[in-house]
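Asks: I'll drop the sequence and a predicted model, then ask my questions.
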Amino acid sequence: ASGAFPTLPMAGCRPKRADEMLRIASHEITIDHSWLWHADHDQCSCDRSDPTSCGGRETSPCSLPYPGTCVSDAAVSTHGLVVMGDDVTAYGLQVEHHKQTLVVWSGRRGRVYMFQAELPYTEPGFSGSQVGYYVAPHALPHTAVGIGVYAIFTATANQVAMLAPRGASIEHLLAMQIDGRSDAFRHLVCTSDLPPACFCTSHSAVCPPQPSVQPLRLRRVDWRSNLTVTVGGS
């Protein structure tokens, strides 16, 4: 499902497709050091040395300032990880470049220790409703420690790194844009339950004013290093 397949001399690249790279429906499962990667460079995409070589295989031209970083290639994968079981624990989880929300966590009592995600390079359909890490409103309690979501965007802006319900515990959350621009992440984390509430990144000029009663209790703000959030009650 990664799309990193060699070009065959006669047949060319044969794209593979997967709705989900990994789905866990059982309870009491441990994930240890997993890298669920949809390739950001492969021979199903255009020639990276020639920004005009997409040849109609892409839905938009190759994008600058990163020549050859086209819209996600013909090898489609939607979600990297979907967790439906309860009491699932992940250590060292890395998920990258999938077309929709990278991690969807629906099981109760989930725990994640070190998570790293890179959003797709250029995907016009990837919006604020699709995030690096999503925890369903009913999936409580949930603990996430050491969460990093980053992007090398050329088109998308105002992204949300994580959605989690009130009652989840999130420690050391980081979101940033590799090329130094500040418009990729409008919010670090928003609530996945209603009414919605969000935390802004401290460097973004597009953040709206925060409500006087904030259901997310922020203990430290420093977008360049660490953020500790308790998604508490209203």
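Replies: Alright, I've got the coordinates.
Asks: start to end distance for stretch 89-109?
Replies: End-to-end distance for stretch 89-109, by Cα to Cα, to the nearest Å: 9 Å.
Asks: tell me where the protein has strands.
Replies: Counting by DSSP state E, the chain has strands at residues 18-24, 30-37, 77-83, 89-96, 103-105, 110-118, 133-135, 142-151, 159-164, 169-177, 185-191, 198-200, 216-220, 228-231.
Asks: JSON lines for those strands, including mean pLDDT and mean neighbour count?
Replies: For glycine as for every other residue, the C-beta is placed from the backbone atoms N, C-alpha and C. Below are the strands of the chain laid out as JSON lines (pLDDT from 0 to 100; neighbours: other Cβ atoms under 10 Å):
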{"stretch": "strand 18-24", "mean pLDDT": "90", "mean neighbour count": "16"}
{"stretch": "strand 30-37", "mean pLDDT": "95", "mean neighbour count": "14"}
{"stretch": "strand 77-83", "mean pLDDT": "92", "mean neighbour count": "23"}
{"stretch": "strand 89-96", "mean pLDDT": "97", "mean neighbour count": "20"}
{"stretch": "strand 103-105", "mean pLDDT": "97", "mean neighbour count": "25"}
{"stretch": "strand 110-118", "mean pLDDT": "96", "mean neighbour count": "21"}
{"stretch": "strand 133-135", "mean pLDDT": "95", "mean neighbour count": "26"}
{"stretch": "strand 142-151", "mean pLDDT": "89", "mean neighbour count": "21"}
{"stretch": "strand 159-164", "mean pLDDT": "86", "mean neighbour count": "26"}
{"stretch": "strand 169-177", "mean pLDDT": "81", "mean neighbour count": "20"}
{"stretch": "strand 185-191", "mean pLDDT": "79", "mean neighbour count": "24"}
{"stretch": "strand 198-200", "mean pLDDT": "69", "mean neighbour count": "21"}
{"stretch": "strand 216-220", "mean pLDDT": "37", "mean neighbour count": "14"}
{"stretch": "strand 228-231", "mean pLDDT": "46", "mean neighbour count": "20"}
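Asks: roughly how far apart are the residue nearest to residue 19 when sequence neighbours are not counted and residue 170?
Replies: Excluding the flanking residues, the one nearest residue 19 by Cβ to Cβ, 6 or more residues apart in numbering is residue 78, at 5.1 Å. Here residue 78 is placed at a distance of 24 Å from residue 170 (Cβ to Cβ, to the nearest Å).
Asks: and what of residue 79?
Replies: Distance from residue 79 to residue 170, counting by Cβ to Cβ: 20 Å.
Asks: ok, residue 29 next?
Replies: Here the criterion is Cβ to Cβ. By it, residue 29 lies 21 Å from residue 170.
Asks: go on, residue 116?
Replies: 15 Å.
Asks: ok, the residue nearest to residue 19 to residue 89 distance?
Replies: From residue 78 over to residue 89 the distance is 24 Å, taken as Cβ to Cβ.
Asks: cool, residue 120 as well?
Replies: Shown here: residue 120 relative to residue 89, a distance of 27 Å by Cβ to Cβ.
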